[in-house]
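Student: Predicted coordinates and the sequence they were generated for:
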Amino acid sequence: MLDTARNRPELPPEIARRRTFAIISHPDAGKTTLTEKFLLFGGAIQMAGQVRAKGEARRTRSDFMAMEKDRGISVSASAMSFDFRDYRFNLVDTPGHSDFSEDTYRTLTAVDAAVMVIDGAKGVESQTQKLFEVCRMRDLPILTFCNKMDRESRDVFEIIDEIQENLAIDVTPASWPIGVGRDFLGCYDILRDRLELMDRADRNRVAESIEIKGLDDPALAEHVPAELLEKLREDLEMARELLPPLDIDAMHEGSLTPIWFGSAINSFGVKELMDGIANYGPEPQIQSAVPRQILPEEKKVSGFVFKVQANMDPKHRDRVAFVRLASGHFSRGMKLTHVRSKKPMAITNPVMFLASDRELAEEAWAGDIIGIPNHGQLRIGDTLTEGEAIRVTGIPSFAPELLQGVRAGDPMKAKHLEKALMQFAEEGAAKVFKPSIGSGFVVGVVGQLQFEVLASRIELEYGLPVRFEGSQFTSARWVNGDKQAVEKFVDSNKQHIAHDHDGDVVYLTRLQWDIDRVERDYPDVRLTATKEMMV
C-alpha cells in the first residue's frame, strides 16, 4: 500500500464506511460458499439456497458464465456491493483456478484488502501461495479465514505455522476452534471474550453467542465438555505466549494477518469475519498514479477500469467496464474525461452489482465499484477523471505462457472471428497477436483451460465454432526501445514479429535461445514479459 501518512485528514463518513476487498483462495477451499454467506448476512439474499438461483441447482449468484455453472468453478472475477451493519462492503470474488491468475492479479489492484480462505485439512495450497505473493507485491492487508473446521482438519498450531513459514507473515488468532471434525462445537472469540456455538441443524442460522468473562468463567463448563475445555485453555495459553497480539498498523502494512476459524457451509465464523473486516479492515486507500497520487478524500471524481466483461447479458451484446472509484462523490449522468482519448463521456447508466443482478447506481463514492456499459471505448487500465490528465498505474499485462493458432470452422467467417478475438483481447481474457507474415491470429493465454473457455464463449456468444491448433511459437515478448532500433529489429526478424490488439510490437519466440540471441545481437532493444496496460 502507499504511504498513508498518519496526519491525513479524516475521510468523509460516506467514504470511511466503505470496505473494498477481494476473496482469494485455492480452488475448492470454499470461497464461493463464503461469498454467499456474506450476501446472506448482509441481507442481500434471503437464504443461501437462493444463491443457487432460479432452479438451476449448481448455479451460484457470483458465477454467471455458462461454463462456470457447468463446471462449478469461478472463471471471471465478479463484484458485489451490499450493506453490513453501518458499513458498505464492496466484495470482489476472484477466480481460484490458476489458469485465470491474470484476471485475479488485476482485480487485486482495485481492492484495499484481501480475505484469504484456506481449507483446514489442506492448509496453504499452491494457488493460495501464488495469489498471496501478488498481495505481497502490493502490501495488501490480509484477513485469513480457515474453513471446513467441521471436517477432519489439521492441528491449529500446525496450520498457523504453515501460514507463517510458507507466506512469511505473522499470524494472530482472532478466534480459536473448540474440537475438530465431528467434535467441532464452535469457537472461542478471542477479541471479544465470547463463546460461539455452531448449530449443525440449521446451516443458515447465525451461531449462538455467549458472553464470557475470561477463560476461567464457570459458565464455560456449562457448554463445553471438560476434556475440550481443558485443551482450549492449554491451547490459548500457548497461543498467547507464542503468537503476537492483534496490531492494526502491522495488519494494514501487510505484515500480520488475523485468522478466524469456522465452517462457511454451516454459516459458522462468517459473521465474526465480517465484523473483523468492518472493524479492522482498511478504509479506501490512496491510489498510485502519474503525475501524482490520488487521495480518496479529493472532491473531484476519478476512477480506473480494472476489468472489462463482455456479453454478461447474452441477449444484448453488452460490454461492462468495472470501474473502481479512487476519489470523490460520483452521481449518475456526470460527464467524465476519458484520459486516454481525451474525450468526455457522459455516464448515464452506471450499474452496481449483486453478482449477475444489477441495478442503476444513482451515486457512488470513492472505494465503490461501478459498472459502466460501453461499446468498446473503455479498456482495462483506462482512467476517468473530471478533466485532469492523470493516469492510475500498476495494472499489468503479462506475457502468455501458452500460444496457439485459431481457425473458424467456416472460412467465410474470418471477419467475425477477428471481431470476437479483439473483444476478448480488450476484455483481458486472452492476448491476440497478428503475425506480420501470413494470415490468421495467434492466441496466447496463461493456462490451458482458458482455450476451452474461449472456444466455448466464441461459439455461445458469436455462434462461431472454432478450433485451436498447435503453434510453432511458445512465448511472446513485448519489444521496447528507441524507434529506429525497433524498426531495424522488426525488419530483420519479420518471421517472428506480430502486433497485439493495441498495435504494440511483439516478438514471438520458439526457444529461450531466440530471446538470448536478441539480447546479444540487439543491445538497444529490450524484450519484456509484462507491459503496463494501455499506456
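Tutor: Cool, got the structure. Here the structure is a predicted model, which means the values were calculated and not measured. Numbering: from 1, shown residues only.
Student: which residues touch the residue lying closest to residue 272 once chain neighbours are set aside?
Tutor: Nearest non-adjacent residue to residue 272, counting by CB to CB, 6 or more residues apart in numbering: residue 260, 5.5 Å away. Yep, even glycine has a C-beta here, placed from its N, CA and C like the rest. Residues near residue 260 by CB atoms under 8 Å, 6 or more residues apart in numbering: 143, 144, 145, 146, 174, 175, 187, 269, 272, 273, 276.
Student: one more time with 7 Å, if that's ok
Tutor: Counting by CB atoms under 7 Å, 6 or more residues apart in numbering, residue 260 touches 145, 174, 175, 269, 272, 273, 276.
Student: from memory residue 323 sits against residue 372, does it?
Tutor: Yes - assessed by CB atoms under 7 Å, residue 323 is found in contact with residue 372 at 5.7 Å.
Student: got the phi/psi numbers for residue 247?
Tutor: When read as degrees, to the nearest 10, the backbone of residue 247 gives phi -120, psi 110.
Student: which residue packs closest to residue 197, ignoring adjacent ones?
Tutor: Spatial nearest neighbour of residue 197, excluding adjacent residues (CB to CB, 6+ apart): residue 186 at 4.2 Å.
Student: State the distance from the one you found to residue 520.
Tutor: Per CB to CB, to the nearest Å, residue 186 is found 64 Å from residue 520.
Student: The two: who's more crowded?
Tutor: residue 186 (29 against 8; other CB atoms under 10 Å).
Student: List the contacts of residue 406.
Tutor: When contacts are counted by CB under 7 Å, 6+ apart, residue 406 is found next to 441, 443, 466, 468.
Student: what about residue 362, how many residues close to it?
Tutor: By other CB under 10 Å, the residues close to residue 362 number 11.
Student: Sorry, slip of the keys, the one I care about is residue 518.
Tutor: For residue 518, the neighbour count with other CB under 10 Å is 20.
Student: Surely it forms part of a helix?
Tutor: Yes - residue state for residue 518 (DSSP: H, G, I helix; E, B strand; the rest coil) corresponds to a helix.
Student: Surely it touches residue 528?
Tutor: No - counting by CB under 7 Å, residue 518 does not reach residue 528; the two are 11.7 Å apart.
Student: On the three-state scheme, the closest residue to residue 428 other than its chain neighbours is what?
Tutor: Distances taken as CB to CB, 6+ apart put residue 380 closest to residue 428, at 4.9 Å, once the chain neighbours are dropped. Three-state call for residue 380 (three-state DSSP): coil.
Student: Go ahead and confirm residue 380 touches residue 392.
Tutor: No - at 11.1 Å, residue 380 and residue 392 do not qualify as touching, with contact defined as CB under 7 Å.
Student: which of these two has more neighbours?
Tutor: The neighbour comparison of residue 380 against residue 392 (other CB under 10 Å) goes to residue 392, with 27 against 22.
Student: ok, back up a step: show me what contacts the residue nearest to residue 197?
Tutor: Going by CB under 7 Å, 6+ apart, the list of residues near residue 186 reads 178, 195, 196, 197, 198, 207, 268.
Student: How about residue 465?
Tutor: The contact partners of residue 465, taken as CB under 7 Å, 6+ apart, are 409, 459.
Student: ok, now the one 4 residues further on?
Tutor: Taking CB under 7 Å, 6+ apart, we find residue 469 in contact with 404, 405, 407.
Student: Same question for residue 179.
Tutor: Listed by CB under 7 Å, 6+ apart, the contact set of residue 179 reads 185, 228.
Student: Quick check: pLDDT value at it.
Tutor: On pLDDT, residue 179 comes in at 88.
Student: And residue 63, by the same measure?
Tutor: Residue 63 carries a pLDDT value of 49.
Student: now do residue 101
Tutor: As predicted, residue 101 sits at a pLDDT of 60.
Student: next one: residue 245
Tutor: As predicted, residue 245 sits at a pLDDT of 93.
Student: Pretty sure it sits in a strand.
Tutor: No - counting by three-state DSSP, residue 245 is not found in a strand; it is coil.
Student: That one and residue 170 touch, don't they?
Tutor: No - the criterion here is CB under 7 Å, and residue 245 misses it with residue 170 at 10.4 Å.
Student: neighbour-wise, which of those two wins?
Tutor: Using other CB under 10 Å as the criterion, residue 245 and residue 170 rank with residue 170 on top: 17 against 11.
Student: For that one, which non-adjacent residue is closest in space?
Tutor: Closest to residue 170 by CB to CB, 6+ apart is residue 256, at 4.4 Å.
Student: what number of residues lie near the one you found?
Tutor: Using other CB under 10 Å, residue 256 is surrounded by 21 other residues.
Student: repeat for the one 5 residues further on
Tutor: By the measure other CB under 10 Å, the count of residues near residue 261 is 30.
Student: What residues are bridge-paired with it?
Tutor: Beta bridges link residue 261 to residue 146 when assigned by DSSP bridges.
Student: what packs against the helix or strand where residue 158 lies?
Tutor: According to DSSP states H and E, residue 158 maps onto helix 156-167. In terms of contacts (3 or more CB pairs under 7 Å, 6 or more residues apart in numbering; DSSP states H and E), helix 156-167 is packed against helix 126-137, strand 170-173.
Student: winner for burial among those?
Tutor: Compared across those, strand 170-173 shows the largest average neighbour count, a mean of 21 (mean count of other CB atoms under 10 Å).
Student: Output the contacting helices and strands for that strand.
Tutor: The contact analysis (3+ CB pairs under 7 Å, 6+ apart) places strand 170-173 against helix 156-167, strand 256-261.
Student: Alpha carbons only: can I get the last one in PDB?
Tutor: Taking C-alpha atoms only, strand 256-261 is exported to PDB below (Å, rounded to 0.1, in the frame of the first residue of the first chain):
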ATOM      1  CA  LEU A 256       0.400  -9.500  10.200                       C
ATOM      2  CA  THR A 257      -2.800 -11.400   9.400                       C
ATOM      3  CA  PRO A 258      -5.600 -12.100  11.900                       C
ATOM      4  CA  ILE A 259      -7.100 -15.600  11.500                       C
ATOM      5  CA  TRP A 260     -10.700 -16.700  12.100                       C
ATOM      6  CA  PHE A 261     -11.800 -20.400  12.200                       C
END
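Student: please renumber so the chain begins at 444
Tutor: Taking 444 as the first residue, the last one we looked at is strand 699-704.
Student: looking at the protein, which helix or strand does the model trust least?
Tutor: One helix or strand of the chain scores below all others by mean pLDDT, DSSP states H and E: helix 509-514, with a mean of 49.
Student: And the next helix or strand past that helix?
Tutor: Next in sequence after helix 509-514, counting helices and strands by DSSP H and E, comes strand 521-527.
Student: what distance separates that following strand from the centre of its chain?
Tutor: Strand 521-527 sits 13 Å away from the centroid of its parent chain (CA atoms, centre = their mean, to the nearest Å).
Student: Equivalent analysis for stretch 951-970, please.
Tutor: The chain centre lies 33 Å from the centre of stretch 951-970; the measure is CA atoms, centre = their mean.
Student: Pull out the buried positions in it.
Tutor: 951, 952, 957, 958, 961, 965, 968, 969, 970 (16 or more other CB atoms under 10 Å).
Student: Nearest to residue 457, out of these: which one, please.
Tutor: The closest of those to residue 457 turns out to be residue 969 (CB to CB; 44.9 Å).
Student: pretty sure that closest one is in contact with residue 923, am I right?
Tutor: Yes - if you go by CB under 7 Å, residue 969 and residue 923 touch, sitting 4.4 Å apart.
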